[in-house]
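Trainee: Provide a 3D model corresponding to the input given below.
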Amino acid sequence: LNSLPENIYYLSPDTEEVQEAVENGDLPLAAARAQKALDKFKNTKLAIAITGESGSGKSSLVNAIRGIDHTHDKAAPVGVVETTMEPTKYTYPNNPNIEIWDLPGIGTTKFRAEKYVKKMQFESYDFFIIVSDTRFRENDAKLALEIQKIKKNFYFIRSKIDDGLRAAERTQRNFNKDQTLQTIKDDCIKNLKKLKVECPKVFLVSSFDLHLYDFKAFYDTLKEELPEKQSKTPFSWDCKISQICLVCL
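Mentor: Model (predicted):
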């Protein structure tokens, strides 16, 4: 048992059984249950879909989650035009069970909003991250509504928040950084609530200052609220991942 990875010790039904056997002094049973949990882990996948409009920073987020540079030969292509033409699967380097799907941008000439959800097969993903680099748009609303219909969780990411702040500073007479950030978030939340989204999760993130804005809050929320399928998997977002993920360029 000492050879088991540290992150298996969380209170899921599987590991509770392991702990119970250890406490009862039945080490062979504990070892058998631990092996069963590990086998289950190896066969359990988590599919995370990154969606949003073209150019919002979806592919940059995929690379950031995976902890690789855009110039890496296995990086998701990033560019000034739409570079993702088909749903593309990437796996986290140290855990192939975690699938990160980079979806094409909604609303382009090839992926009209009215057919987007069907083409992208939303039912096949466990949860979603909607990425937007501007104020809440019609396509964002359509994505949120469709995800709600299939009863999946999603988080709304306002990316490139540094650009938003710089624009506000140039145009506002009495610029206040904290007030501007709150206004941006409140606008997103208000629009999601209009769509009957209960307790919408909105996060403002930047690739330049990971310790600022909502980086940590987003990270903590993902740990706590991953779908049921993930919560039964002995996987943890370690400190190394928390320093590089949830970032949009």
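
Trainee: okay, CA-based contacts and neighbour counts for the rest of this
Mentor: OK.

Trainee: got the contact list for the lengthiest helix in the chain?
Mentor: Looking across the chain with DSSP state H, the single longest helix is helix 177-194. In this structure, residues lying in contact with helix 177-194 by CA atoms under 8 Å, 6 or more residues apart in numbering are 135-136, 141, 144, 165, 168, 199-204.

Trainee: wait, which of the residues you listed is closest to Gly57?
Mentor: The closest of these to Gly57 turns out to be Leu204 (CA to CA; 12.9 Å).

Trainee: contacts only, for that closest one.
Mentor: Counting by CA under 8 Å, 6+ apart, Leu204 touches 157-159, 161, 181, 185, 213-215.

Trainee: list the contacts of Phe111.
Mentor: 104-105.

Trainee: how near is the most centrally placed residue in the chain to Glu16?
Mentor: Geometric centre of the chain, nearest residue: Ile129, 4.8 Å, by CA atoms, centre = their mean. Per CA to CA, to the nearest Å, Ile129 is found 31 Å from Glu16.

Trainee: what about this protein, any weak spots by pLDDT?
Mentor: When residues are selected by pLDDT under 70, those of the chain lie in 1-15, 37-44, 65, 79-84, 94, 108-109, 207-210, 219, 222-223, 225-249.

Trainee: how about the strands in it?
Mentor: Assigned by DSSP state E, the strands in the chain fall at 46-52, 88-92, 95-102, 127-132, 153-158, 202-204.

Trainee: can you put these in TSV and add distance to Arg33?
Mentor: Below are the strands of the chain laid out as TSV (distance: least, CA to CA, whole Å):
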stretch	distance to Arg33
strand 46-52	22
strand 88-92	26
strand 95-102	20
strand 127-132	29
strand 153-158	31
strand 202-204	39
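
Trainee: of those, which is nearest Arg112?
Mentor: So among these, strand 46-52 is nearest, using CA to CA, at 12.2 Å.

Trainee: relative to strand 88-92, how tilted is that closest one?
Mentor: Angular relation of strand 46-52 and strand 88-92 on a 0 to 180 degree scale: 130 degrees, by axes from the mean of the first three to the mean of the last three CA atoms, to 10 degrees.

Trainee: give me the neighbour count for Lys119.
Mentor: Neighbour count for Lys119, taken as other CA atoms under 10 Å: 12.

Trainee: now it: how far from Ile106?
Mentor: 11 Å.

Trainee: and what of Glu138?
Mentor: Applying CA to CA to Glu138 and Ile106 gives a distance of 11 Å.

Trainee: can you report how many residues lie near Asp26?
Mentor: Neighbours of Asp26 (other CA under 10 Å): 12.

Trainee: enumerate every residue touching it.
Mentor: Not one residue lies near Asp26 by CA under 8 Å, 6+ apart.

Trainee: repeat that for Pro93.
Mentor: Contacts of Pro93 by CA under 8 Å, 6+ apart are Arg66.

Trainee: who does Val131 bridge with?
Mentor: Assessed by DSSP bridges, Val131 has beta-bridge partners Gly52, Ile157.

Trainee: give me the neighbour count for it.
Mentor: Close neighbours of Val131, defined as other CA under 10 Å, add up to 26.

Trainee: that one against Gly55, yeah?
Mentor: No. Contact criterion CA atoms under 8 Å: Val131 and Gly55 do not qualify, at 9.6 Å.

Trainee: hey, where'd the helices end up in this structure?
Mentor: Secondary structure of the chain (DSSP H): helices located at 13-23, 27-42, 58-66, 113-120, 138-149, 161-171, 177-194, 215-225, 228-231, 239-242.

Trainee: and the ones you listed, which is most packed in?
Mentor: Among those, judged by mean count of other CA atoms under 10 Å, the one packed with the most neighbours on average is helix 58-66 (a mean of 26).

Trainee: return the distance of His211 relative to Gly57.
Mentor: Taking CA to CA, one finds His211 at 19 Å from Gly57.
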